[in-house]
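Asker: when you get a sec, could you give me coordinates for this:
(chains A, B, C and D)
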There are 2 protein chains.
Amino acid sequence: MTEGWKATDNRKISESTIHRLSHYYRTLSVLEREDYETISSRELARREKLTPAQVRKDLSFFGSFGTRGLGYPVKDLRAKIANILGIDRAWNVALIGVGNIGSAMVSYKEFVKQGFAIKLLFDNDQRKIGSNHKGIIVHDMRDLEKELKAKKIDIVMIAVPATVAQNIVDDVVRCGIRAILNFAPVKLKVADNVFYRSENMAMELEYLSFALVNLANRSGGKKLDKDSTNS
Amino acid sequence: MTEGWKATDNRKISESTIHRLSHYYRTLSVLEREDYETISSRELARREKLTPAQVRKDLSFFGSFGTRGLGYPVKDLRAKIANILGIDRAWNVALIGVGNIGSAMVSYKEFVKQGFAIKLLFDNDQRKIGSNHKGIIVHDMRDLEKELKAKKIDIVMIAVPATVAQNIVDDVVRCGIRAILNFAPVKLKVADNVFYRSENMAMELEYLSFALVNLANRSGGKKLDKDSTNS
DNA sequence: CCTTTCTTGTGAAAGGTTTCACAACACTGG
DNA sequence: CCAGTGTTGTGAAACCTTTCACAAGAAAGG
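Answerer: Residues are numbered from 1 along each chain as shown, chains lettered A, B, ... in the order given. Down below sits the predicted model:
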């Protein structure tokens, strides 16, 4: 399951729209703290380095939240986006693989802040099983199904070596999990009724490397923002 | 600087193409280890869950590497992609912020494997400065410019709290760095002659959350792969 | 050397996303 | 209650990416 939801009126909602919504949400949180009452698409776009039309189109997939002549009510819009993204509730997350990256994720405060609580840890290293990370006990992989069910886990994060990641994701899917975030540097195959995302840090560095090589070769080629729409 | 390079004949190369190249590179590495001589776009596409046309089009931006009737020579194509991505050389990377995520990155083997060597660490916590992580000394942020120049750093990774990330990225750019990978959960503003990428784990979870909510609401809407092209 | 089979490379078509442009509406001030 | 200004919501246009479809070339087998 890669992409492809429909708005109320059947227009297709792209992955990019969802990611921008996440950004709007963060910006609106800041604005709310700064006591803004309303914000225009123009100002929101300026802060996000987008066009005002883009902002309006993104929001329009989900309804009309603004007032002509005035803009969008900051507080309401933020709540509405939280609802659309599903982060107005608590999600139970399990993490498999308590290595370097896994440990970092346990301590990562941004997750909790957005409603993602890591409730379960797994590893198959006997030395780690039973140990305590930030108050969470590391369980044996053999208890996977039992524990996932008991703790009502919604989302599983996978931070294991690339070589075993596919086996583990297969197990996880077999336990009925429908949403997986993968940190192993491999592309995993999942049934298409499972939501799957992958975070690949090395690939982002490769993109930068490509950019640097092309910058050096041509020493030009830079793309300017076309649509600053500064106020 | 966000996107926008041109192929030899001026066709535009998209971000997606570069990311797919990274994937092809990994698959070709596996194939080479398994002693494959050649691979067809059809087979490569099957492994990547893409269409053969997509694979051929991606490669065609950079030249014609295949032989009609035969396919692509695995070894040569891998080398060629490594060259396109710029990972056929060593890049010097510095990491700022030796907290949870920073520490994980220091130990992340995939970087070294792809030619990205972390050569420098920075922090502004006096307790961390001078300490040793995997053989690399943590430097004071005050020595930023001196050390970046001395170690000929190409790429800087930023793993500091969101609140200070913008200041740090400004400093880094002032030191002449042109490529930045950000792990802080904020969108940073950089001049458009700087290559910038951001890794935001919380945003990926939000995408999964959105997917789960929409799955629950509609219980349908899944998108099947259209183009399996199985052999 | 000819026929068959295979697979690339690529214009053209289809499909998707972003931007434009403007009608519709809301508020303000006279 | 009307004119002026500001901003949304949205079809249509522009732009970008993917897929199709096929000519061109390569190998194999007679």
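Asker: tell me the domain boundaries of chain A?
Answerer: A:5-85, A:91-203 (automatic domain parsing).
Asker: first vs last residue of the shortest one, how far apart are they?
Answerer: Pointing back at domain A:5-85 there. Domain A:5-85 has an end-to-end distance of 13 Å (criterion: CA to CA, to the nearest Å).
Asker: could you do the last one as well?
Answerer: In terms of CA to CA, the two terminal residues of domain A:91-203 are separated by 28 Å.
Asker: repeat that for stretch A:96-110.
Answerer: So stretch A:96-110: terminal residues 19 Å apart, CA to CA.
Asker: returning to that earlier point: would you turn the domains of chain A into JSON lines with mean pLDDT and distance to B:Thr17?
Answerer: C-beta here means a position set from N, CA and C on the backbone, and glycine is covered the same way. Putting the domains of chain A into JSON lines (pLDDT from 0 to 100; distance: least, CB to CB, whole Å) gives the following:
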{"stretch": "domain A:5-85", "mean pLDDT": "94", "distance to B:Thr17": "16"}
{"stretch": "domain A:91-203", "mean pLDDT": "97", "distance to B:Thr17": "13"}
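Asker: which residues of chain A fall in helices?
Answerer: Ranges of helices within chain A are A:15-33, A:41-48, A:52-60, A:74-85, A:100-106, A:109-113, A:144-150, A:162-174, A:201-218, based on DSSP state H.
Asker: ranking those by burial, who's on top?
Answerer: Each of the helices of chain A was given a mean neighbour count from mean count of other CB atoms under 10 Å in any protein chain shown, and the largest, a mean of 22, is that of helix A:100-106.
Asker: that helix near chain B anywhere?
Answerer: Yes - counting by CB under 8 Å from any CB of the partner chain, chain B is contacted by helix A:100-106 at A:100-101, A:103-105.
Asker: now stretch A:148-167
Answerer: Yes - among the residues of stretch A:148-167, A:154-155, A:162 lie within reach of chain B under CB under 8 Å from any CB.
Asker: ok so, going back, make TSV from the domains of chain A and add distance to DNA strand D to it.
Answerer: What follows is the domains of chain A, written out as TSV (distance: least, CB to the nearest atom of the strand, whole Å):
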stretch	distance to DNA strand D
domain A:5-85	3
domain A:91-203	14
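Asker: mind putting those in CSV, distance to B:Val172 included?
Answerer: Conversion of the domains of chain A to CSV gives the following (distance: least, CB to CB, whole Å):
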stretch, distance to B:Val172
domain A:5-85, 19
domain A:91-203, 18
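Asker: now the helices of chain A in JSON lines, with distance to B:Ala79?
Answerer: Formatted as JSON lines, the entries for these read as follows, by distance: least, CB to CB, whole Å:
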{"stretch": "helix A:15-33", "distance to B:Ala79": "32"}
{"stretch": "helix A:41-48", "distance to B:Ala79": "40"}
{"stretch": "helix A:52-60", "distance to B:Ala79": "40"}
{"stretch": "helix A:74-85", "distance to B:Ala79": "43"}
{"stretch": "helix A:100-106", "distance to B:Ala79": "30"}
{"stretch": "helix A:109-113", "distance to B:Ala79": "39"}
{"stretch": "helix A:144-150", "distance to B:Ala79": "41"}
{"stretch": "helix A:162-174", "distance to B:Ala79": "22"}
{"stretch": "helix A:201-218", "distance to B:Ala79": "15"}
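Asker: out of those helices, nearest to B:Arg47?
Answerer: Smallest distance to B:Arg47 across the helices of chain A (CB to CB): 12.7 Å, for helix A:162-174.
Asker: hmm, who's touching that closest one?
Answerer: Contact partners of helix A:162-174, identified using CB atoms under 8 Å, 6 or more residues apart in numbering or on different chains, comprise A:96-97, A:141, A:144-145, A:148, A:156, A:158, A:160, A:180, A:182, A:184-186, A:188-191, A:194, B:110.
Asker: between it and helix B:15-33, how big is the angle?
Answerer: Regarding helix A:162-174 and helix B:15-33, their directions subtend 110 degrees when assessed with axes from the mean of the first three to the mean of the last three CA atoms, to 10 degrees.
Asker: and A:Ile137, what does it touch?
Answerer: A:121, A:130-131.
Asker: and A:Lys134, how far from A:Phe111?
Answerer: Between A:Lys134 and A:Phe111 the distance, using CB to CB, to the nearest Å, works out to 12 Å.
Asker: which of the contacts of A:Ile137 are buried?
Answerer: Restricting the contacts of A:Ile137 to buried positions leaves A:Leu121, with burial counted as 16 or more other CB atoms under 10 Å in any protein chain shown.
Asker: inside strands: which ones of the contacts of A:Ile137?
Answerer: Filtering these for membership in strands, criterion DSSP state E, returns A:Leu121.
Asker: would you format the contacts of A:Ile137 as a markdown table with distance to B:Lys12 included?
Answerer: Written out in a markdown table, the entries for these read as follows (distance: CB to CB, whole Å):
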| residue | distance to B:Lys12 |
| --- | --- |
| A:Leu121 | 45 |
| A:Gly130 | 54 |
| A:Ser131 | 51 |
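Asker: so which of the contacts of A:Ile137 comes closest to B:Glu34?
Answerer: Comparing the contacts of A:Ile137 against B:Glu34 with CB to CB places A:Leu121 closest, at 34.5 Å.
Asker: which residues does the closest one bridge with?
Answerer: Beta-bridge partners of A:Leu121, counted by DSSP bridges, are A:Leu95, A:Val138.
Asker: coming back round to it: and which of the contacts of A:Ile137 is nearest to A:Asp58?
Answerer: Closest to A:Asp58 out of those is A:Leu121 (36.0 Å), distances taken as CB to CB.
Asker: that closest one contacts A:Met141, doesn't it?
Answerer: No - at 10.7 Å, A:Leu121 and A:Met141 do not qualify as touching, with contact defined as CB atoms under 8 Å.
Asker: cool, thanks, talk later.
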